[in-house]
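**Student:** Could you look at this predicted model? Sequence included:
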Amino acid sequence: MSYYINDYNNQNELLSKAISDLTKAKYHSHKIYIHNFANFDAVFLLKELINHGIVDPIIHKGRIVTVSLTYASKNKSKFYTI
């Protein structure tokens, strides 16, 4: 999937769409790698992730090294994690 800022009104809308696309049952237990996440990008991403499910960060030496996102299926009958 590719996302271009020009296709959205702002960066939050783009990020929300990208997260929505990932919160599908088929991605359950998948790992997603984000370059430079612990240094800077985590702040922006965490603000949006909390709108999509339960966020569980792991912090090591003051840096976020892992974040789990638990989200419900469309009918709220099952929960998934990425």
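**Tutor:** Here it is on my side, so go on.
**Student:** quick one: the residue nearest to Tyr4 when sequence neighbours are not counted from Asn6, how far?
**Tutor:** Once flanking residues are discounted, Tyr4 sits nearest to Leu14: 7.9 Å by Cβ to Cβ, 6 or more residues apart in numbering. All C-beta atoms are positioned from the backbone trio N, CA, C, and that covers glycine. With the distance defined as Cβ to Cβ, to the nearest Å, Leu14 ends up 9 Å from Asn6.
**Student:** which phi and psi does Leu45 have?
**Tutor:** Backbone torsions of Leu45, given as degrees, to the nearest 10, read phi -70, psi -40.
**Student:** And the pLDDT for it?
**Tutor:** What the model reports as pLDDT for Leu45 is 84.
**Student:** same question, Asn9
**Tutor:** 95.
**Student:** what's the neighbour count on it?
**Tutor:** A count of nearby residues for Asn9, using other Cβ atoms under 10 Å, gives 8.
**Student:** From Leu45, how far out is the residue in the chain sticking out farthest from the centre?
**Tutor:** Distance from the C-alpha centroid of the chain, by Cα atoms, centre = their mean, peaks at Lys61 (21.8 Å). Remark: distance between Lys61 and Leu45 (Cβ to Cβ) = 19 Å.
**Student:** Then Lys26?
**Tutor:** 21 Å.
**Student:** Who has more neighbours out of these two?
**Tutor:** Shown here are Lys26 and Leu45; by other Cβ under 10 Å, Leu45 has more neighbours (18 against 7).
**Student:** Name the residues of stretch 64-71 that are buried.
**Tutor:** Ile64, Val67, Leu69, Tyr71 (16 or more other Cβ atoms under 10 Å).
**Student:** Mind jotting down where the helices sit in this protein?
**Tutor:** Here the chain has its helices, by DSSP state H, at 11-22, 42-49.
**Student:** how about CSV for these, with distance to Ser2 added?
**Tutor:** Output for the helices of the chain, formatted as CSV (distance: least, Cβ to Cβ, whole Å):
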stretch, distance to Ser2
helix 11-22, 10
helix 42-49, 17
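**Student:** now what about the longest strand along the chain, what contacts it?
**Tutor:** Assignment by DSSP state E gives strand 63-72 as the longest strand of the chain. The contact list for strand 63-72 (Cβ atoms under 8 Å, 6 or more residues apart in numbering) reads 19, 23, 37-39, 42, 45-46, 49, 52-59, 78-82.
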